[in-house]
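[1] Coordinates for the following, if possible.
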Amino acid sequence: MANVATYMVFDDHDVTDDWNLNKKWVNRVYSKAFGRHIVRNAVMAYGVFQGWGNDPVVFESGKNNELLAEIARMHGGEEPPGEDPIPRGPIQRIDTLCGVSGADFKQQAVWNYTVRSPKTQVIVLDTRTSRKFTGQGYLPPDLVGLDRDEQIPKGPLTDGRELLFVVSAAPVLGPDVIDALGWPLAQVAIDAVNFGAGVDGTGTQKANVGVEKYDAEGWSSNEVAREELLKRLVPYERAVFLSGDVHFACSVTLDYYRKDGARSRFVQLTASPARNRFMPVVKLLLRQNAFLQTVGTGFSADRLAWSGPSSITVPPDRFVSPGRRGRMRRSPALLPASGWPSGTSFGPGDPPHWRWRLKLVRDARPESELPAALRQAVLAEDDELVEPTAGNRNAALGAYRAVAVRHQQAAAGRFELLRQMVFQTNIGLVALGKDAAGEIVLRHTLRSQAGPGSVTSAEGTVHKIWLALSSEPPPELTFRDPPPPEDDG
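    Below is the predicted model of the structure:
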């Protein structure tokens with residue numbers, strides 16, 4: 001790729017695993033000279049070899065220009081030889097510019113940037129050095145909490161550009177079954193297994209805490225921060241997130257509805273990994289557990305939200321879990337639309353202030369257009385299932401046998417299931433076009449291994465997504481049980 005113009009932004013492994021994961025990590029690492037040294041070196045290298053090329057103009061003056069000068073002073077051979085050729089002063093200043101000194105965030109170099117083309121605008125977020133932490137422990141951060149408004153200019157686009165792309169290293173939106181169920185359960189399990197090894201607050205920590213083992217730092221770990229990000233993007237009406245990091249690939253749509261009738265459409269495109277696969281046990285559960293398949297693909301995730309406590313009213317004799325009742329009283333109140341007891345309603349004159357509906361996109365191509373290794377076996381015409389007659393009850397036995405054989409062959413030797421979530425190593429390609437009505441159509445192609453043992457790739461997954469604002473009604477309360485029968489007496 002040395003001869004290809006490339007835009008990039010750092011994530012954790014460009015520096016060190018789980019860089020700036022939480023406040024506990026920051027306090028632990030930056031209080032040690034060696035920790036500061038590792039992060040400082042990585043940030044300097046990124047600045048010289050990638051950041052400078054991303055946005056050369058910002059390095060012509062200000063803090064980014066000062067960073068280049070400090071790097072030259074430290075490593076340019078300007079200092080005389082001796083036991084300590086680098087004065088303490090320059091190290092303190094460069095530590096501030098690299099974000100490892102604990103100084104005011106506004107004194108750091110700037111790493112977010114914007115790329116404009118005739119029809120699109122790309123905002124590349126810095127989700128590592130502008131994190132806002134709550135407390136001194138393991139609470140998930142707001143990934144752009146220190147300068148959200150500076151990183152994302154106020155919308156909408158007014159200069160002829162038609163679409164906004166937002167690059168976030170970690171996906172802003174993801175499959176609900178993993179974000180809301182999988183990771184929290186995994187974190188609790190790790191803490192239970194390692195209890196007594198320091199994770200309970202006694203003695204020296206000798207094992208991973210669950211939130212550190214399973215990276216409780218993404219957008220789904222801090223719901224309020226994610227809602228603030230979406231709220232900032234609503235005036236653009238349409239935005240496409242580009243992400244990686246999570247070791248699987250997929251496409252997700254989110255239709256956003258405001259109380260005043262305004263609507264927005266967000267699309268999340270995730271392509272990951274190019275090399276390192278996801279944990280096989282998660283793939284196994286999602287592929288072979290009927291309940292998780294239904295949760296992951298059969299339902300959309302619908303949200304109802306209020307800027308303060310919710311106005312939802314539940315009949316006094318109906319059960320709602322303590323967790324959900326707690327959410328009803330929070331500010332903001334972020335609640336699922338489904339699973340309420342019958343008779344639940346919104347308070348008079350106070351419907352949700354905003355709502356959204358999230359869906360996982362499915363590859364809709366017919367079998368004939370899929371790579372050969374992904375196609376389902378087709379039964380021969382003679383093996384089609386036929387109805388047995390009274391005189392020949394075994395007429396369909398051969399057809400049943402053929403169906404059973406096909407099922408077993410697919411279960412034992414099927415290469416991959418790639419229509420929705422892709423766990424194979426993959427690379428994502430994004431193409432834009434317009435349909436006959438002039439609506440923007442996005443094509444997200446995930447190229448993965450062409451077949452077992454193959455060294456070439458194929459279009460294993462193609463997600464075609466229209467960016468027109470949704471015509472569906474906003475989410476409403478849905479009930480887990482039927483309403484009680486009316487009294488006819």
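
[2] Give me the residue ranges of the stretch 151-300 of the chain where confidence is low.
    Across the stretch 151-300 of the chain, the ranges flagged by pLDDT under 70 are 176-216, 278-300.

[3] Also the stretch 301-450 of the chain?
    Using pLDDT under 70, the stretch 301-450 of the chain drops low at 382-395, 414.

[4] all strands of the stretch 201-350 of the chain, in order?
    238-243, 250-258, 263-270, 301-306, 333-336 (DSSP state E, counting those that start in this stretch).

[5] List the neighbours of the second one that are in contact with it.
    In this case it means strand 250-258. 171, 173-175, 230, 234, 263-270, 353-361, 420-422, 444, 463, 465, 469-470, 472, 474-475 (Cβ atoms under 8 Å, 6 or more residues apart in numbering). Where C-beta positions appear, they are placed from N, C-alpha and C, glycine not excepted.

[6] about what we covered before: compare the strands of the stretch 201-350 of the chain and report which one is nearest to Asp126.
    strand 238-243 (14.0 Å; Cβ to Cβ).

[7] thinking again about what came up before, would JSON lines of the strands of the stretch 201-350 of the chain with distance to Asn112 and mean neighbour count be doable?
    Shown next, in JSON lines, are these (distance: least, Cβ to Cβ, whole Å; neighbours: other Cβ atoms under 10 Å):
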{"stretch": "strand 238-243", "distance to Asn112": "14", "mean neighbour count": "24"}
{"stretch": "strand 250-258", "distance to Asn112": "22", "mean neighbour count": "23"}
{"stretch": "strand 263-270", "distance to Asn112": "19", "mean neighbour count": "24"}
{"stretch": "strand 301-306", "distance to Asn112": "27", "mean neighbour count": "22"}
{"stretch": "strand 333-336", "distance to Asn112": "26", "mean neighbour count": "19"}
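
[8] Mind putting those strands into JSON lines with distance to Phe59?
    Listed next are the strands of the stretch 201-350 of the chain as JSON lines, based on distance: least, Cβ to Cβ, whole Å:
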{"stretch": "strand 238-243", "distance to Phe59": "24"}
{"stretch": "strand 250-258", "distance to Phe59": "35"}
{"stretch": "strand 263-270", "distance to Phe59": "29"}
{"stretch": "strand 301-306", "distance to Phe59": "40"}
{"stretch": "strand 333-336", "distance to Phe59": "40"}
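
[9] which of the residues in the longest helix along the chain are buried?
    Ordering each helix of the chain by length in residues (DSSP state H) puts helix 397-413 first. By neighbour count on 16 or more other Cβ atoms under 10 Å, the buried set for helix 397-413 is 399, 402.

[10] Could you point out the helix or strand that follows that helix?
    strand 426-434 (DSSP states H and E).

[11] buried sites along the following helix or strand past that next one?
    The C-terminal neighbour of strand 426-434 among helices and strands, as given by DSSP H and E, is strand 440-449. Judged by neighbour count using 16+ other Cβ under 10 Å, the buried positions of strand 440-449 are 440, 442, 444-449.

[12] ditto for stretch 102-122
    108-113, 121-122.

[13] Kindly reformat those residues as TSV containing pLDDT.
    Formatted as TSV, those follow (pLDDT from 0 to 100):
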residue	pLDDT
Gln108	96
Ala109	97
Val110	97
Trp111	97
Asn112	98
Tyr113	98
Gln121	97
Val122	98
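
[14] wait, which of these is closest to Gly135?
    Gln108 (21.5 Å).

[15] what's the closest non-adjacent residue to the closest one?
    In space, and not counting its chain neighbours, Gln108 is closest to Gly99: 4.6 Å by Cβ to Cβ, 6 or more residues apart in numbering.

[16] ok, now Glu228?
    Glu228 sits nearest to Arg148 (Cβ to Cβ, 6+ apart), 6.6 Å away.

[17] and that neighbour, what is it in contact with?
    Neighbours of Arg148 in contact, by Cβ under 8 Å, 6+ apart: 142, 228-229, 232.

[18] What distance do you get for it to Trp111?
    15 Å (Cβ to Cβ, to the nearest Å).

[19] Give me the residue at the spatial middle of the chain.
    For the chain, the residue sitting closest to the mean C-alpha position, by Cα atoms, centre = their mean, is Pro171 at 2.0 Å.

[20] give the contact list for it.
    Listed by Cβ under 8 Å, 6+ apart, the contact set of Pro171 reads 218-219, 241, 243, 245-246, 252, 268, 270.

[21] hmm, which two among these are most spread apart?
    Those two in the contacts of Pro171 that are separated most widely, counting by Cβ to Cβ, are Asp245 and Val252, at 14.6 Å.

[22] So Arg303 sits against Leu335, correct?
    Yes - because the distance of 7.0 Å satisfies Cβ atoms under 8 Å, Arg303 is recorded as touching Leu335.
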